[in-house]
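[1] Need coordinates for the following:
(one chain, ligands or ions: 1)
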Amino acid sequence: MRILISNDDGIYSPGIVSLAKAASRFGEVRIIAPDVEQSSMSHAITSSRPLRFKRVHRLEFDAYSVNGTPADCVALGMHRWGHVDLVLSGINLGLNLGNSCWHSGTLAAAKQAALLGARGIAFSTNVSDNTPLEGAAKGTDRWAVEHNWVSITPLRLDLTDEADLSRALAVSNPPAAKATKKRTSVGRSRKRRR
Ligand code: MN
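    Coordinates of the predicted model:
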């Protein structure tokens, strides 16, 4: 199994080596990550300048740094390696929980894998005792971690609000019976005018 490892903390983060070591028990590992920290870059991609990569030394691993974002790294890494079975992102030094899923570059690397047809998993861990501004509601990922649990949240790319879409379709496409009645009414009014 080919496992591509990335992150948003940068190629020299200790977290990425820890993840690569763990992943190497399950398959062939390659590391590709930003050359500098790209935390909170979300799913940004580089489109206005050339993207460059170079081989770097990270223990025994086949590793590359990229002058781009986490999403760039995964797209480039999957393209260069050919078939990739799994992309692992992290281990981020800081939690990617709650609302941070919207700006996390760590999570974006896993999302980029999904966009390209592979499985992606993002990992993060707490490295600070500093408390969020608001308390965590029971049952959420933040609540679980605050109570010393590991939180695993399955996510998907489709953000469509299906309920709202159904309501909009019902307004723009009324049932056939109502449409027939409306046409009949128009016909009668025309007859009256004559
Ligand atoms: Mn980070």
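[2] how close does Ser172 get to Leu155?
    Ser172 is 30 Å from Leu155, where distance means CB to CB, to the nearest Å. C-beta here means a position set from N, CA and C on the backbone, and glycine is covered the same way.
[3] Among the two, which residue is more densely surrounded?
    Neighbours were tallied for Ser172 and for Leu155 using other CB atoms under 10 Å; the higher tally belongs to Leu155 (11 against 7).
[4] What separation do you get for the nearest residue to the more buried one once chain neighbours are set aside and the ion?
    The shortest distance from Leu155 to any non-neighbouring residue, by CB to CB, 6 or more residues apart in numbering, is to Cys101 (7.3 Å). Using CB to the ion, to the nearest Å, one gets 13 Å for the distance from Cys101 to the ion.
[5] Same check on Pro70?
    To the ion, Pro70 is 9 Å away according to CB to the ion.
[6] Counting neighbours, what do you get for that residue?
    For Pro70, the neighbour count with other CB under 10 Å is 34.
[7] How about the residues of this protein by the ion?
    For the chain, the contact set with the ion under CB under 5 Å from the ion comprises 8-9, 39, 92.
[8] Closest one to the ion out of the residues you listed, please.
    When the residues of the chain next to the ion are compared for distance to the ion (CB to the ion), Ser39 comes out closest, at 3.3 Å.
[9] How is this structure divided into domains?
    In the assignment given by automatic domain parsing, the structural domains of the chain cover 2-159, 160-194.
[10] list the contacts for the spatially most central residue of the chain?
    The centroid of the chain falls nearest to Lys111 when counting by CA atoms, centre = their mean (2.9 Å). Residues near Lys111 by CB atoms under 8 Å, 6 or more residues apart in numbering: 43, 71, 120, 155, 157.
[11] wait, what's in contact with the first one?
    With contacts defined as CB under 8 Å, 6+ apart, His43 is in contact with 71, 108, 111-112.
[12] at 6 Å instead, please
    For His43, the residues meeting the contact criterion (CB atoms under 6 Å, 6 or more residues apart in numbering) are 71, 108.
[13] Next one: the spatially closest residue to Asp141 that is not a sequence neighbour from the ion, what distance?
    Counting by CB to CB, 6+ apart, Asp141 lies nearest to Ser151, which is 4.0 Å off, once chain neighbours are set aside. In this view, Ser151 and the ion are 17 Å apart by CB to the ion.
[14] Kind regards, and thank you for your time.
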